[in-house]
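> structure of the sequence below:
(chains A, B, C and D)
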Protein chains: 2
Amino acid sequence: MRTLGYAILSLLSREELSGYDLMGRMRERVGFFWSARHSQIYPELAQLEEEGFVTHRLVEQRERPDKKVYEITEYGLAALKEWVIEPPSVRATRDEMTLKAYSIWLADPEEAITLFREQEQKHQEQLQRYREIEAWMKEEWGADLERIDSHHFASYAALRRGIGYESEYAEWCRWVSDSLERGV
Amino acid sequence: MRTLGYAILSLLSREELSGYDLMGRMRERVGFFWSARHSQIYPELAQLEEEGFVTHRLVEQRERPDKKVYEITEYGLAALKEWVIEPPSVRATRDEMTLKAYSIWLADPEEAITLFREQEQKHQEQLQRYREIEAWMKEEWGADLERIDSHHFASYAALRRGIGYESEYAEWCRWVSDSLERGV
DNA sequence: ATTCGATATGTCTGTATTGACATATACATC
DNA sequence: GATGTATATGTCAATACAGACATATCGAAT
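Alright, predicted model coming up:
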């Protein structure tokens, strides 16, 4: 199956969601390591349903347009459980900034410094947002964060990756811009 | 222009290469942050030539099949220099392991531990390879690594990102598997 | 009344990327 | 002579993904 399919199942295993709400959850919860536009999500939901991984029911609403609420099936949950412990499909890491760094010797140092300082700032800001969520999780969920069969633990594990990633990225940007500044 | 086009230009700005040799260089030098199959590289070279960024000449060989050797043009070098200091196009980070971690609460702990230990090992091994290259660079290039207009500095800057990335990834995998083991 | 924004669900086209298919040369080994 | 491997260059089909196009409901504000 498609990784996007599992990303959707991973959200539906926690709560029932409409396509629209799924978009929001995707952005909030798993957006930093998997994302998709609605133009990809709606067809994927249809296919998941065709394959028997999810079902939907129509929910009529008074104050908003009606919606289709999707629920994971037993079969879908079983597929998700299997996928979780399988080795990941080898997928090339692609990072444009590292590629730019590889050609940084051709650049005007001042302009390169500006670029890397800006990027450092962006990753620093994202890191800050994650740290705030981390503080909130610890406050709100407490000891649940250590219960490995709790979805709170799983959320925290993913967040830790976000923190580590942004932290390392910001540090690297700082190292590059500092090196450029020393070399000017 | 396409990022792959710049990846190719970044290699051709350092040396002339045939499509086949470009494949090799791509794998060795920038493979960990940008990669492509030959089925993408050959058409890309043709398009870069059509757009005036590169030119090629035929080189006849005796002990091997003949080849097309590509060279970056002045125009191509100017385009590369501009691209290097431009902010990167926003590209979604996608990481399947983090997505799996988000659903780890559904998994059998023993099997999850195996998965994350294996992944830790893989990233640790890659980190080791990078550290060896780092040692070689320091030995071989010495003070050049601090000359910001030297391509050796740029190579080192990219390598540092690889080291940071793998180091952080391995550490995260270890944290996850240790947490799972404590929780069993 | 109209306009705007949030909610809600879709389709379509183009590009990026992978994996398979396809072909040819030259050397080394069996 | 046959087989395998590295070198060398391509095409083609399918999938993944982004961005644009398209439509409709409902509440709030003008």
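
> which residues in chain A form helices?
Taking DSSP state H to define them, one finds helices in chain A at A:3-12, A:19-25, A:38-50, A:74-84, A:96-102, A:109-141, A:151-183.

> what's the closest of those helices to DNA strand D?
Closest of the helices of chain A to DNA strand D is helix A:38-50, at 2.8 Å (criterion: Cβ to the nearest atom of the strand). Where C-beta positions appear, they are placed from N, C-alpha and C, glycine not excepted.

> that older thread, can you put the helices of chain A in a markdown table and add mean pLDDT and mean neighbour count?
Shown next, in a markdown table, are the helices of chain A (pLDDT from 0 to 100; neighbours: other Cβ atoms under 10 Å in any protein chain shown):
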| stretch | mean pLDDT | mean neighbour count |
| --- | --- | --- |
| helix A:3-12 | 98 | 23 |
| helix A:19-25 | 97 | 17 |
| helix A:38-50 | 97 | 15 |
| helix A:74-84 | 98 | 17 |
| helix A:96-102 | 98 | 24 |
| helix A:109-141 | 97 | 16 |
| helix A:151-183 | 97 | 20 |
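
> can you lay out those helices as JSON lines showing distance to DNA strand C?
Shown next, in JSON lines, are the helices of chain A (distance: least, Cβ to the nearest atom of the strand, whole Å):
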{"stretch": "helix A:3-12", "distance to DNA strand C": "12"}
{"stretch": "helix A:19-25", "distance to DNA strand C": "3"}
{"stretch": "helix A:38-50", "distance to DNA strand C": "3"}
{"stretch": "helix A:74-84", "distance to DNA strand C": "17"}
{"stretch": "helix A:96-102", "distance to DNA strand C": "10"}
{"stretch": "helix A:109-141", "distance to DNA strand C": "20"}
{"stretch": "helix A:151-183", "distance to DNA strand C": "19"}
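
> could you dump those helices into JSON lines and include distance to B:Trp172?
Compiled in JSON lines, these are given as follows (distance: least, Cβ to Cβ, whole Å):
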{"stretch": "helix A:3-12", "distance to B:Trp172": "18"}
{"stretch": "helix A:19-25", "distance to B:Trp172": "23"}
{"stretch": "helix A:38-50", "distance to B:Trp172": "27"}
{"stretch": "helix A:74-84", "distance to B:Trp172": "16"}
{"stretch": "helix A:96-102", "distance to B:Trp172": "19"}
{"stretch": "helix A:109-141", "distance to B:Trp172": "13"}
{"stretch": "helix A:151-183", "distance to B:Trp172": "5"}
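
> so which of these gets nearest B:Glu146?
helix A:151-183 (6.3 Å; Cβ to Cβ).

> give the contact list for the residue nearest to A:Trp105 when sequence neighbours are not counted.
Distance criterion Cβ to Cβ, 6 or more residues apart in numbering or on different chains; nearest residue to A:Trp105, sequence neighbours excluded, is B:Ala154 at 4.2 Å. Residues in contact with B:Ala154 (Cβ atoms under 8 Å, 6 or more residues apart in numbering or on different chains) are A:101-105.

> ditto for A:Pro109
Contact partners of A:Pro109, counting by Cβ under 8 Å, 6+ apart, are A:180, A:183-184, B:148-149.

> domains for chain A, by residue range?
Annotated domains of chain A cover A:3-84, A:96-183 [automatic domain parsing].

> okay, those domains in JSON lines with distance to DNA strand D next?
Output for these, formatted as JSON lines (distance: least, Cβ to the nearest atom of the strand, whole Å):
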{"stretch": "domain A:3-84", "distance to DNA strand D": "3"}
{"stretch": "domain A:96-183", "distance to DNA strand D": "13"}
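
> out of those domains, which gets nearest to B:Gln47?
B:Gln47 sits nearest to domain A:96-183 of all these, at 18.2 Å, using Cβ to Cβ.

> contacts only, for A:Gly183.
Neighbours of A:Gly183 in contact, by Cβ under 8 Å, 6+ apart: A:109, B:146-149, B:153.

> switch to 6 Å and redo it
B:Ile148 (Cβ atoms under 6 Å, 6 or more residues apart in numbering or on different chains).

> what's the answer for A:Met137, then?
Going by Cβ under 6 Å, 6+ apart, the list of residues near A:Met137 reads A:Tyr156.

> and the gap between it and A:Asp144?
9 Å (Cβ to Cβ, to the nearest Å).
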